[in-house]
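S.K.: Structure for the following, please:
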Amino acid sequence: MENTDLDRTDNAGQGQEAQLQQNKQRSEKSKTIILTLALSFFIIGGLGTWGYYSLFGPNSAASVDAPSDEELTDAEKSSGTALFKPTIEVPKTEIQRRINVIHEFWNGELGYDKWSKYNIDTHTPVLNEIEIDIRNKILPYVAGPLKADIETALDKIEKSKSSESVEPLKGVHRIFHDLDISLNDYKASDYWDVTETGKWIEKEIKE
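M.R.: Numbering: from 1, shown residues only. Sure thing, here's the model as predicted:
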């Protein structure tokens, strides 16, 4: 009788041990599956983000070699297309400086994700002032593809005010960002490649 009880106890113990072992194996399998899914999600998400920015994000500004003033002048002459319409009072260097000033203005307004909290309604007076500055202090002194870029920027400011959306202003910022890189050799980590001026330089000088 005692031996039978002992056998039952041993069998029960072995059954419990086997059950514990099975539970442990199931737990390990579950952890493995969860880890695999998490890694897969991370990899797929990472590839998706990389793919998005490869297609729609900025390029490396390190790959943009801004032309010298002499190269720009020569390209204007050889192509018959002018970028600048300087005067005695507003020479080319002043036009370039004004483009940089406007770029720095947008850096202050929208840079470092400030655009996400930008309110068009409260900023309308400032937008009106900067629009007037661009129309009066830059537009009359530019030509060709550079004039087209400035006009596009002005159109986007108008669109932003009428729609009360900050999205067009992001486009304005990118235009002046790229122009500053292309015309002033502004140092930055990204280049959006959104200007007619940049495309013109690529065609007339880089080829």
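S.K.: And the helices in this protein?
M.R.: Ranges of helices in the chain, per DSSP state H, are 2-56, 69-79, 92-110, 120-137, 144-163, 167-184, 196-201.
S.K.: Show residues contacting stretch 118-138.
M.R.: Taking contacts as Cβ atoms under 8 Å, 6 or more residues apart in numbering, the residues outside stretch 118-138 that touch it are 95, 98-99, 102, 105, 109-110, 150, 153-154, 157-158, 160-161, 164-166, 169. Backbone N, C-alpha and C define where each C-beta goes, glycine included.
S.K.: Could I get the buried residue list for it?
M.R.: Using 16 or more other Cβ atoms under 10 Å as the test for burial, stretch 118-138 gives Y118, I120, H123, L127, I130, E131, I134, I138.
S.K.: Closest to S68 out of these?
M.R.: I138 (21.6 Å; Cβ to Cβ).
S.K.: how close does that closest one sit to S165?
M.R.: 24 Å (Cβ to Cβ, to the nearest Å).
S.K.: Same check on W106?
M.R.: From W106 to S165 the distance is 16 Å (Cβ to Cβ).
S.K.: Of those two, which one has the most company?
M.R.: W106 (22 against 13; other Cβ atoms under 10 Å).
S.K.: Chain neighbours aside, what residue packs nearest to the more buried one?
M.R.: H173 (4.0 Å; Cβ to Cβ, 6 or more residues apart in numbering).
S.K.: OK, contacts around that neighbour?
M.R.: H103, W106, N107, E109, L110, G111, W115.
S.K.: Break the chain into its domains for me.
M.R.: Per the record, the chain has its domains at 1-57, 61-206, by automatic domain parsing.
S.K.: The first one - what's its average pLDDT?
M.R.: Taken as a whole, domain 1-57 carries a mean pLDDT of 52.
S.K.: cool, and stretch 89-98?
M.R.: Here stretch 89-98 scores 97 as its mean pLDDT.
S.K.: Put the alpha carbons of it into PDB.
M.R.: Provided in PDB are the C-alpha atoms of stretch 89-98 (Å, rounded to 0.1, in the frame of the first residue of the first chain):
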ATOM      1  CA  GLU A  89      22.600 100.600 -55.700                       C
ATOM      2  CA  VAL A  90      21.800  96.900 -55.500                       C
ATOM      3  CA  PRO A  91      24.700  94.800 -56.800                       C
ATOM      4  CA  LYS A  92      24.700  91.100 -57.200                       C
ATOM      5  CA  THR A  93      26.300  90.500 -53.800                       C
ATOM      6  CA  GLU A  94      23.500  92.500 -52.200                       C
ATOM      7  CA  ILE A  95      20.900  90.400 -54.000                       C
ATOM      8  CA  GLN A  96      22.600  87.200 -52.700                       C
ATOM      9  CA  ARG A  97      22.700  88.700 -49.200                       C
ATOM     10  CA  ARG A  98      19.000  89.400 -49.300                       C
END
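S.K.: Could you give me the buried positions within it?
M.R.: Quick answer for stretch 89-98 (16+ other Cβ under 10 Å): V90, K92, I95, Q96, R98.
S.K.: Give me the distance between the residue nearest to the third one when sequence neighbours are not counted and K77.
M.R.: Yep, that's I95 we're talking about. Distance criterion Cβ to Cβ, 6+ apart; nearest residue to I95, sequence neighbours excluded, is Y141 at 4.8 Å. Y141 is 18 Å from K77, where distance means Cβ to Cβ.
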